[in-house]
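> Provide a 3D model corresponding to the input given below.
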Amino acid sequence: MSGNKESIMRAVVWEGKPYEVAVRDWPKPTIRMPEDAIVQITTAGLCGTDLHIYHGMLSGDDIPFTLGHEGVGIVVEVGNATEEFKVGDRVLIPCIPDDGHFELESTAVPNLISYGLGELSGNLGGCQAEYVRVPFADDSLVKIPKNSIHDLDYLLLTDILPTAWTALNVSGFQPGESVAVFGAGPVGLLCAHLALVRGALRVYSIDHVQDRLDKAASIGAIPINFADKRKGTASQQILAQEPGGVMRSCDCVGYECVNPDLKIQSNYIIQEATIITSTGGGIGVVGVYNTMPSSIGSPNAGKVTGDIVVPVGTIMFKELSLRAGIAKVYELIPIIKELVEAGRVNPRFIYTNEVGIEDAPLAYKRFSEQKEIKIAFRFPWQWEPQPYVSQVDQIADVDMKNVAGNGELSNGTKKIEKFKKQKGKWVNA
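Have a look, this model is predicted:
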């Protein structure tokens, strides 16, 4: 892509090729409307929703587009109608921005806009980039102080902490109840953590990846490996420990969930949840269930459907509630942000690595293969508090060796390795 160097940035791009992302030169966003702001990204996240795109399941035909909907950064430009924010403000970017409309009437189809989803959600740019344009900035950004709270903590407020909170809410959770959380990925682990913080009696964390189950056990959840056929299915294992079942079940996985044979079975979690949830209890769903035809942008979409068979008879006779929902991120941030700043919620335990943006192809690959739980893309900035240094294995293991195409690590990984060796002092390698 040609152009003035100052008008170009680096960004992670979806080009419609399953299991591939690219890092490209991309036009730097500019102010389009007087209510806009431009934010320089300091930290961006890699989310499970990004994996649905990466797997070729979730995209429109208008490709390429930039990826990512979790971001923290610094305001570098504002439109002349932006009143609450100024250049230099440190901000987090809720994944669903304000759309400038106040809905007075019910709608049959929601109008959802978000970053990094292309034409499916408003054609906004992605946050896995050096800069992003934020529409209606006064109602789409949250100011955060230049204090000791790290980007990595605030980043989780932009999507997955509110989503985990919502899973409990839509399940009907009340303190003193037992909870089963399906999935020990980023959202599932945070859901288990929040359930314990909010007073759950017991929390079961259900997955098949041992590292993730170990992480769940480390925060006080009871790990359940549903693929361990010696112990039985998830429902068999939980009912052996909790004969009356759990009052609440939370689906933090969605339609790419797998059965004990590790084959995709989109209704497996809902089926298991109806078995283990106590009579009169509730099931909350925040994992994505999407149905769309195969297309240029999502060639694998037709292989998995979100329109699943649900055991309505069981739900009826057990008097269960089943409710799904997309998190009202902007509304929930003030509540959860206070808990994070007070140290009551400690979400940073889910991170397993930080990488430079040039290593996005490898980061996506490792996340898809469940070798990582949560990855952050990091950009240096002058006010950074003491950086977090991952205690897990270096991301630069054997399967990274050909990322740069010549058997060497990419520049982004060299920076991160040097960064870790310098014990928390950022080095512009």
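
> need the strands for the stretch 1-150 of the chain, in chain order.
Using DSSP state E, counting those that start in this stretch, the strands of the stretch 1-150 of the chain run over 8-14, 22-27, 37-45, 65-66, 71-78, 90-93, 131-134, 142-143.

> Return the helix or strand in the protein with minimum mean pLDDT.
helix 411-421 (a mean of 39; mean pLDDT, DSSP states H and E).

> contacting residues for the nearest residue to residue 36 once chain neighbours are set aside?
Distances taken as CB to CB, 6 or more residues apart in numbering place residue 79 nearest to residue 36, at 4.5 Å, with adjacent residues excluded. (C-beta placed from N, C-alpha, C; glycine too.) By CB atoms under 8 Å, 6 or more residues apart in numbering, the contact set of residue 79 is 31, 33-37, 137.

> In this structure residue 207 contacts residue 226, no?
Yes - with contact defined as CB atoms under 8 Å, residue 207 reaches residue 226; the gap is 7.3 Å.

> pLDDT weak spots in the stretch 251-400 of the chain?
381-400 (pLDDT under 70).

> all strands of it, in order?
Along the stretch 251-400 of the chain, the stretches classed as strands by DSSP E, counting those that start in this stretch are 277-285, 321-324, 353-355, 375-378.

> JSON lines please, covering these and showing mean neighbour count and distance to residue 41.
Below are the strands of the stretch 251-400 of the chain laid out as JSON lines (neighbours: other CB atoms under 10 Å; distance: least, CB to CB, whole Å):
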{"stretch": "strand 277-285", "mean neighbour count": "21", "distance to residue 41": "30"}
{"stretch": "strand 321-324", "mean neighbour count": "16", "distance to residue 41": "30"}
{"stretch": "strand 353-355", "mean neighbour count": "23", "distance to residue 41": "14"}
{"stretch": "strand 375-378", "mean neighbour count": "25", "distance to residue 41": "8"}
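
> Now tabulate the ones you listed in JSON lines and tack on distance to residue 114.
As requested, the strands of the stretch 251-400 of the chain are arranged in JSON lines below (distance: least, CB to CB, whole Å):
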{"stretch": "strand 277-285", "distance to residue 114": "18"}
{"stretch": "strand 321-324", "distance to residue 114": "17"}
{"stretch": "strand 353-355", "distance to residue 114": "23"}
{"stretch": "strand 375-378", "distance to residue 114": "18"}
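
> mind checking which of these is nearest residue 158?
Nearest of the strands of the stretch 251-400 of the chain to residue 158, taken as CB to CB: strand 375-378 at 11.6 Å.

> so what strands line up beside that closest one?
strand 37-45 (antiparallel), strand 353-355 (parallel) (DSSP bridges).

> The residue nearest to residue 36 and residue 42, how far apart?
21 Å (CB to CB, to the nearest Å).

> ok, the residue nearest the centre of the chain to residue 363 distance?
Per CA atoms, centre = their mean, the C-alpha nearest to the average position across the chain is that of residue 47, at 3.2 Å. Counting by CB to CB, the separation of residue 47 from residue 363 is 12 Å.

> Show me the helices in the stretch 151-300 of the chain, by range?
151-155, 160-171, 186-197, 210-218, 234-241, 268-276 (DSSP state H, counting those that start in this stretch).

> Need those in JSON lines (columns: distance to residue 334 and mean neighbour count).
JSON lines is the format used below for the helices of the stretch 151-300 of the chain (distance: least, CB to CB, whole Å; neighbours: other CB atoms under 10 Å):
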{"stretch": "helix 151-155", "distance to residue 334": "13", "mean neighbour count": "24"}
{"stretch": "helix 160-171", "distance to residue 334": "11", "mean neighbour count": "27"}
{"stretch": "helix 186-197", "distance to residue 334": "16", "mean neighbour count": "27"}
{"stretch": "helix 210-218", "distance to residue 334": "28", "mean neighbour count": "17"}
{"stretch": "helix 234-241", "distance to residue 334": "34", "mean neighbour count": "18"}
{"stretch": "helix 268-276", "distance to residue 334": "30", "mean neighbour count": "23"}
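
> Go through the contacts of residue 79 and say which is closest to residue 14.
Once CB to CB is applied, the member of the contacts of residue 79 that ends up nearest residue 14 is residue 36, at 23.3 Å.

> Test my guess that that closest one contacts residue 137.
Yes - assessed by CB under 8 Å, residue 36 is found in contact with residue 137 at 6.1 Å.

> Next, count neighbours for the closest residue to residue 149 other than its chain neighbours.
Of all residues beyond its chain neighbours, the one nearest residue 149 is residue 341 (5.9 Å), with distances taken as CB to CB, 6+ apart. As a burial measure, residue 341 scores 16 neighbours (other CB atoms under 10 Å).
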